[in-house]
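> fold the following for me, if possible:
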Amino acid sequence: MNKIIVALLLAALWTGCEKEEPYYNIQPETAYINFFLASDVMRKRANKQVYLNDSVSTEKFNKFPAMDSYETKEFPTAVSGGSGWYIVGWTHNTQEYVFYLPLEAGEQKVIFTNGADNWRDRGPDSRIYMKDSLLNLAKGSYTNVYLADDVENNAFRIVTTNEDRDMPVEKGKTSLRVINLCPDAGPLLISRVYDDGRQEEVEGFPAVLPFGEYTAYTSFSAEGLEAELNSLVFSIASAHNPYVELLTAAIPAIEGAMHTLVIHGFQYPVTRGIINGYDPYVGLPLYQSYELGRSLTTTLRRSR
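Here you go, the predicted model:
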């Protein structure tokens, strides 16, 4: 019950801040992209870099910035608008909105590097390519690229979603997509929680949501919600143990909004590693290990 109350309060604060319509600096011939780090291992690293179409691992690719902060979990952010980048986003209401970086449409290879174990390590070992994906970005498209810890040990998974910002949402409704990026909870069950405490499966969502997959956008009516909180509440459980609730999430019922609920982190404590360099004599990878506690959580993002 406490989890539901906290989630509702956060959602109510967000709804209360809704004062103006967003604006976009849209160029129809351009593609737009956003990067989100859902990996607990990568969040432990410093000097993280994301590269595009980079084939020279010893040179710095200056045309794309680093995700070089321990706190940075996405790029671009609202703060980046002041650094000379042509960020596509909002003016003042920036809480949880997704910002996009313009790119040339067509094939773009996205590369995540291993970063470094500390701020002083900026040598060649911080340019090891950990995971890449070849994307075909259409003109006028909006793509979100998520890097998550994979089910397999010491591995990563890239998941991409496309946002249709022109998708119609019925009057009086808000839309929601859910992404499962939790590597050790198994397939997830998402159910709607009503004010009277009853729970029901969500029409339009799959019966179970496997790791690395996401739902289609589904519209929900705000009718019948408590006016003070004005939020949709969802319960998240593992299909392996459906009677134990893992998380509760509250979604602000903002008319016409497009929300994405990202479920990420580990359900159980785990030790994971990342390549930190190579043995100079035999060439085998050397791993930096991290002890990770239970970190299962949700992040709510809004693309419209």
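> first to last residue in stretch 181-190, what's the distance?
14 Å (Cα to Cα, to the nearest Å).
> hmm, who's touching that stretch?
38, 146, 148-151, 157, 159, 178, 180, 202, 205, 207-212, 215, 234-240, 242, 246, 262-268, 270, 296 (Cβ atoms under 8 Å, 6 or more residues apart in numbering). The C-beta positions use only the backbone N, C-alpha and C, and glycine is treated the same way.
> quick check, Gly172 in contact with Ser221.
Yes: between Gly172 and Ser221 there is a contact at 6.0 Å, judged by Cβ atoms under 8 Å.
> before we move on, back to that, are any of the contacts of stretch 181-190 buried, and if so which?
With burial judged by 16 or more other Cβ atoms under 10 Å, the buried subset of these is 38, 146, 148-150, 157, 159, 178, 180, 202, 205, 208-209, 211-212, 215, 234-238, 246, 262-267, 270, 296.
> from these, which land in helices?
With helices taken from DSSP state H, there is no overlap with these.
> from the contacts of stretch 181-190, which land in strands?
Filtering those for membership in strands, criterion DSSP state E, returns 146, 148-149, 157, 159, 178, 180, 234-238, 242, 246, 262-264, 270.
> who does whatever helix or strand His259 lives in pair up with?
Taking DSSP states H and E as the criterion, His259 maps to strand 258-264. Looking at strand 258-264 with DSSP bridges, its partner strands are strand 173-181 (parallel), strand 297-302 (antiparallel).
> contacts for the last one next, please.
The reference is to strand 297-302. With contacts defined as Cβ under 8 Å, 6+ apart, strand 297-302 is touched by 36, 38, 73, 96-98, 144, 236, 247, 249, 251, 257-265.
> what stretches of the stretch 101-250 of the chain score poorly on pLDDT?
Across the stretch 101-250 of the chain, the ranges flagged by pLDDT under 70 are 117-126, 224, 226-229.
> swap in 90 and give it another go.
101-104, 109, 111-130, 164-173, 194-198, 203-204, 221-231 (pLDDT under 90).
> secondary structure class for Pro168?
coil (DSSP: H, G, I helix; E, B strand; the rest coil).
> partners of Tyr129 in the sheet?
Thr113.
> which ones are touching it?
Contact analysis of Tyr129 by Cβ under 8 Å, 6+ apart lists Ser57, Ile111, Phe112, Thr113, Asn114.
> repeat for Thr218
Counted by Cβ under 8 Å, 6+ apart, Thr218 has contacts Ser175, Leu176, Arg177, Val202, Glu203, Gly204, Phe205.
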